[in-house]
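> output the structure for:
(one chain, ligands or ions: 1)
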Amino acid sequence: MHFVNSREGMTVMKIVLATLNAKYIHTSLALRCLKAFAEKDFPDIDIAEYTIKDPAMNIVSDLFARRPDVIGFSCYIWNIEETIVVIDMLRKIMPEVKILLGGPEVSYDTEFWMERIPQVDFIVVGEGEETFHHMLQELETTRKFHLVFGLAYRKEKEGKSQIVVNPGRPKLDLATLPSPYRFEEDIPTLANRVVYFETSRGCPFSCQFCLSSIEVGVRYFDINRTKADINYLIDQGAKLIKFVDRTFNIKRDYALEMFQFLIENHRGCVFQFEITADIMRPEVLDYLAEHAPPGVFRFEIGVQSTNDITNEAVKRRQNFTKLTRTVNKVRDSGKIDQHLDLIAGLPHEDYDTFRKTFNDVFALRPEELQLGFLKMLRGTGMRHDAEKHGYVYMDRAPYEILGNDLLPFSDIVRIKRVEDVLEKYWNAHRLDHTLLYLVEQVFPSPFDFFQAFGDYWEGRGWQRIGHQLEDLFARLWAFLADRGAEASEGRLDLDVTLGLMKLDYFLNHKYKPRKVWWDFVMDKAEWSSWMKQLSERPETVSGDFAALGLADKELHKHAVIDRVPFDLALYLADGAIDKSADSLLVMIYGGEAAGKPYALRITGQEAVEQLATTE
Ligand code: SF4
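Okay, here's the model as predicted:
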């Protein structure tokens, strides 16, 4: 091979490591690990990151302009199909370039990928650092690719091309890997993108739907190096570090030491972890409850299913009672947001048991509940046993299931509608007060609310059009007014719901809203009279409100008011709905009172006074 690039009189290989991330803010740790390991011998390595939304033409033009001798692509279920389109074009315009793939998506069924994508020269299977480096060495020198453990390649024999998949490479000693976090070219964008960070590799559990279950054992990077790298990243401006460790809290002492270190050194950076909640030790929880600064940590917790037979079938050991204890304790501390994951479509989980799983988990009131659908990942036990449970699934990535013996496609489609409104409403936290009222006091269960609303949403064709904040309110209101009574078995009180929706709407604004989505029925005289009372007798609202000392002019500029048909102060204090008196809801935008609702209970006396002033 002729390497066209010259540096200081020497011919060097020009290598581009590329990937298509799901979003611009994501960064690829894999590419950085490969570069860090190989650059001692191959100094001309570019990292080129694109997104799956980028037109293939733009990606190919950019890669072409870099004039590489070797291009490596990091492949995952979210990018493999888009990557293939790019490779297909590249091969046509750069017949000489060596194309290699790596990553979890091509590390299983490797022969299949070599056959499906004939434009690819090599596949690096599994952990890539040493294999990639060794493959480059062979490419540059003797080309004895059969010596490279973990490599798949093509060999010419008797005029025919053959695929060879070499034996796998033993696991790497993590102490031999250089840091992938210190590239100068990453510094300018550190603050705007997510930094992915690994402190360990491997998972001790064996959940059959997960790729991490295949490898045995957990290896750790040196803790002092880890701390130094994190400090460096924060110094250079990183604002969000996401740990990719499969289970951050396997070792109690390690987790405790790291949490302590991060608490002492966070300097405004936010950290996300995947944790296994049922093995979280009480002393670690106590420590976090006492010391974690609010908003600095976020936990992602896979629950997947609360159905015991399901968990047994996928070899997932999970103690839901202990998990609940952890999630409740973390939530009660009020310092750490929790994101809980569910998977619909696991074995032995039908629509009804999934409804129960959903309700069990929603009862924990996570800040975010992500409802995913089972994917039959290549290499997993689940895919291997697919026939046993009658699974049908997409042939192409992401291999999502289309049904099984217990969950027909029609049920999957119904559950997708739940997911859609769950995302838009609960996970986006647009109507927390209203939703809590609806799921706790009105609908038979949270799942039933989301299902009925999701069905309505789809029935109206709203999934095909976008929405603004006002639309979210107006559409929920349309559903409740139209179907609410029936779907809630007669428990819905529309007046109370409207009052809570007004509260949520006001809370959703940073600045005084110019319009409201409901019919504002208070007439001018009543409105003026309330404003007068707020300015002249603010103590009738509360001592706190009076202490704001808002003059008439400021109130007119910064306040919104409306009536709600219940005792708002009582509701805000303990969540109880008491309809014995209306309230005036007061929101102030700007200044120290911003974002906080105030309530004035409208007693009989208040109402008489109002009447007198407005007459
Ligand atoms: S789902 Fe989580 S706990 Fe289970 S094997 Fe995968 S990474 Fe490990």
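
> going forward, measure contacts between C-alpha atoms and count neighbours the same way
Noted.

> now do stretch 426-440: everything it contacts.
Contacts to stretch 426-440, defined as Cα atoms under 8 Å, 6 or more residues apart in numbering, come from residues 367-369, 425, 445-446, 449, 492, 497, 500-501, 503-505, 508.

> these, buried ones only, as a ChimeraX selection?
A single ChimeraX command suffices to select whichever of the contacts of stretch 426-440 are buried according to 16 or more other Cα atoms under 10 Å:
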select :367,368,369,425,445,446,449,492,497,500,501,503,504,505
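
> between the two ends of stretch 218-228, how far is it?
Between the opening and closing residues of stretch 218-228 we find a distance of 21 Å, counting by Cα to Cα, to the nearest Å.

> show the average pLDDT along that stretch.
With pLDDT averaged residue by residue, stretch 218-228 scores 97.

> ok, back up a step: from the contacts of stretch 426-440, which is closest to Asp562?
Leu503 (9.2 Å; Cα to Cα).

> which neighbouring elements make contact with the strand or helix carrying the closest one?
Assigned by DSSP states H and E, Leu503 falls within helix 494-507. Using 3 or more Cα pairs under 8 Å, 6 or more residues apart in numbering; DSSP states H and E, the elements in contact with helix 494-507 are helix 432-437, helix 469-479, strand 559-564.

> neighbouring contacts of it?
430-434, 437, 473, 477, 480-481, 513, 563-566, 585, 587, 595-597.

> just want the angle from that helix to helix 469-479.
Here helix 494-507 runs at 170 degrees with respect to helix 469-479, directions being taken by axes from the mean of the first three to the mean of the last three Cα atoms, to 10 degrees.

> which among the contacts of helix 494-507 count as buried?
Burial of the contacts of helix 494-507 was assessed by neighbour count (16+ other Cα under 10 Å); the buried members are 430-434, 437, 473, 477, 480, 563-566, 585, 587, 595, 597.

> where does the closest residue to Val296 other than its chain neighbours fall, phi/psi-wise?
Taking Cα to Cα, 6 or more residues apart in numbering as the measure, Val296 lies nearest to Val270, with 4.6 Å between them; neighbours along the chain are not counted. Reported as degrees, to the nearest 10, the phi and psi values for Val270 are phi -110, psi 140.

> adjust the sequence numbering to begin at 58 for everything that follows.
Sure, I'll start numbering at 58, so the last one becomes Val327.

> out of the buried ones among the contacts of helix 551-564, who's near the ligand?
With Cα under 6 Å from any ligand atom as the criterion, no member of the buried ones among the contacts of helix 551-564 is in contact with the ligand.

> please name the residues that touch the closest residue to Ala633 other than its chain neighbours.
Once its chain neighbours are removed from consideration, Ala633 has its nearest residue in Leu627; the separation is 6.4 Å (Cα to Cα, 6+ apart). Residues in contact with Leu627 (Cα under 8 Å, 6+ apart) are 633-635.

> report the buried members of those.
Members of those classed as buried by 16+ other Cα under 10 Å are Ile634.

> quick check, nearest of the contacts of Leu627 to Asp512?
Comparing the contacts of Leu627 against Asp512 with Cα to Cα picks out Ile634 as the nearest, at 28.3 Å.

> without its sequence neighbours, what residue ends up closest to the closest one?
Closest residue to Ile634 in three dimensions, ignoring its sequence neighbours and counting by Cα to Cα, 6+ apart: Tyr628, at 5.7 Å.

> re earlier: what's the first helix or strand after the helix holding Leu560?
Following the chain from helix 551-564 toward its C-terminal end, the next helix or strand by DSSP H and E is helix 581-593.

> list the buried residues for that following helix?
Counting neighbours by 16+ other Cα under 10 Å, one finds that the buried residues in helix 581-593 are 584, 586-592.

> pLDDT on that helix, on average?
Averaging pLDDT residue by residue across helix 581-593 gives 94.

> okay, angle between it and strand 616-621 too, please.
Put simply, helix 581-593 runs at 120 degrees to strand 616-621, going by the same axes, to 10 degrees.

> which helices and strands sit right next to helix 581-593?
With contacts defined as 3+ Cα pairs under 8 Å, 6+ apart, helix 581-593 has these neighbours: helix 609-615, helix 661-671.

> off-centre distance for it?
Distance, stretch centre to chain centre, for helix 581-593: 45 Å (Cα atoms, centre = their mean, to the nearest Å).
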